[in-house]
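**Student:** Structure for this input, please:
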Amino acid sequence: MAAAAGDQPETVEVKLRAVGPSRPTTLRLPPLLSVADLRRRIAHDRRLPAPEEGRLRLVLRGKTLPSQDDGDARVSLRDGDTLIVAVAPKPPASHLRDDDEEEEEEEEELKFKIPQTTTWWKRKIFTFLRDKLRLPDILLMGLFSISMTAWVMIALWFLLAPLAQKYDFGPLYILGTGFLIILVNLGRRQQGDVSAYSIFNEDFRELPGTLNAERIDRDIRAGQF
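**Tutor:** Predicted coordinates for the structure are as follows:
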């Protein structure tokens, strides 16, 4: 029974044009339906298996319709509309990916990331330096690996440097800074640790396998040479 004038028709004829050499086909569809229902009807008409239905891409009047994840999206069809139908190719297997893609993934893994336990103000500084100033990761890593105590010492050093220069203590100030850095970074030996230099060990004990004049003389006397 024909629809009355001005009433919305029960179905409209839509032309399906696939990407490729296949001929266009027609399909009668309701004028208003959900995108998910439209995808199912087109997949059934073209006899697409379930995996390919998930990769189905539809273009109507120059606009790509939402994916299947957006189940609430609806579309209005008119008689004579043309739908471009395409099936997105499968992504390549991991062992077949290009070297460029693997390098991009490796670079993403190597990017410096601030720990989740970091305080909020450090996070804000990190975001500002990375997103606004575009500082490289190596520089960000160096900045955020320094403790607060070290930052205070660095600031104090720069404050005292003009005074040292004013009173002609510049060279001594720099030399003293170098010796202080060496002393601070000497570390502490744990119980049972042995130094590579026998002079720092108890009873001048040497590491096993140390080659010196005494060892050579002992081996010669024992006939091992």
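**Student:** Now do Leu211: how many residues are near it, please.
**Tutor:** The tally of other residues near Leu211 (other Cβ atoms under 10 Å) stands at 9. Quick note: C-beta positions are derived from backbone N, CA and C, even for glycine.
**Student:** Next one: it from Asp219, what distance?
**Tutor:** 10 Å (Cβ to Cβ, to the nearest Å).
**Student:** list the contacts for Val87?
**Tutor:** Applying Cβ atoms under 8 Å, 6 or more residues apart in numbering, we find Val87 in contact with 48, 52, 55-57.
**Student:** Over to Thr210?
**Tutor:** Ser198.
**Student:** where do the strands sit along this structure?
**Tutor:** 12-18, 25-29, 32-34, 56-60, 63-64, 74-76, 82-87 (DSSP state E).
**Student:** closest one to His44 among the ones you listed?
**Tutor:** His44 sits nearest to strand 25-29 of all the strands of the chain, at 9.8 Å, using Cβ to Cβ.
**Student:** Pull the residues that contact that closest one.
**Tutor:** 11-16, 38, 41-42, 45-46, 77.
**Student:** Can you tell me the strand partners of it and which way each runs?
**Tutor:** strand 12-18 (antiparallel) (DSSP bridges).
**Student:** any idea of the mean pLDDT in the partner strand?
**Tutor:** Across strand 12-18, pLDDT averages out at 83.
**Student:** thinking again about what came up before, relative to Gly142, which of the strands of the chain is closest?
**Tutor:** So among the strands of the chain, strand 63-64 is nearest, using Cβ to Cβ, at 44.4 Å.
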